[in-house]
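[1] Kindly generate the corresponding structure for this input.
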Amino acid sequence: MRALTSSSSMSLGIMASEPANPWVDDVRRARGGDANAFAALVKSVQRQVYGLCLRLLRTEAEASEVAQETFLRAYQNLDRFDESRPFDLWVLTIARNQCLDLLRRRQKMRTDDVDDHAHWLQSGEPSLEDGAIARQERRSLEDAMATLSVDDREVLALYYVQKRTTKEIALVMNVAPGTIMARLFRAREKLRTRMQAAEANDKGAAS
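    This next block holds a predicted model:
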């Protein structure tokens, strides 16, 4: 969203002083102690934050806990927020770091726990038959995703589920856009290979 600039300002060649960031006003009010402003910020990005946490951690309880911790840390660090940067990407970066920290702590624990209730893709309201097919396809996708690394799941989730551009993902992951394109290509190939193998196994078991 771009800030509107008056015709007189444009004629003088004066650019708007406010950054083209729809969250800036709420951020500034929240910094001043406005709880409603911060609640509005949370509401605007909570689905994206929880979605990323769920796809990285694969359990609803941990995703919810990390999402809450993410917003707490965001509130505590509002003074450090760069107003030239999109607020949602800043919060997603915090969420990503929290998830990676938890996954590192989890390495010594069981790694074969897959949450069957994690919905990697969202669907509309299909018919019963379409719903059954969609659930099977979703389960196949979830099973294949579960075999990928955290880095692969992350880049696929941000690109396909949250519809982020490679530039935005690069900001979240703090790497060059070209690196994201390479990671995305590799992750897609791995996912396609896993799903093809799973499909072949299913056909073999059915025959």
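[2] Return the set of buried residues in the helix or strand hosting R183.
    Using DSSP states H and E, R183 maps to helix 177-206. Applying a neighbour-count criterion of 16 or more other Cβ atoms under 10 Å, one finds 180, 183-184, 187, 190-191, 194-195, 198 buried in helix 177-206. C-beta: built from backbone N, CA, C; applies to glycine.
[3] Equivalent analysis for stretch 91-107, please.
    91-96, 98-99, 102.
[4] ok, residues contacting that stretch?
    For stretch 91-107, contacts defined as Cβ atoms under 8 Å, 6 or more residues apart in numbering pick out 45, 48-49, 52-53, 56-57, 62, 66-67, 69-71, 73-74, 77, 150, 154, 158, 171-174.
[5] Quick check, central residue of the protein?
    Closest to where the C-alpha atoms of the chain average out (Cα atoms, centre = their mean) is L52, at 3.5 Å.
[6] Okay, and R164 sits in which element?
    For R164, there is no helix or strand it lies in under DSSP H and E.
[7] So what's the predicted local confidence for it?
    Looking at R164, its pLDDT is 92.
[8] Which one among the buried residues of helix 177-206 sits at the bottom for pLDDT?
    Out of the buried residues of helix 177-206, that is A198, at 72.
[9] Can you report how many residues lie near S84?
    9 (other Cβ atoms under 10 Å).
[10] ditto for the one 3 residues further on
    Other residues near F87 come to 21 when the count uses other Cβ under 10 Å.
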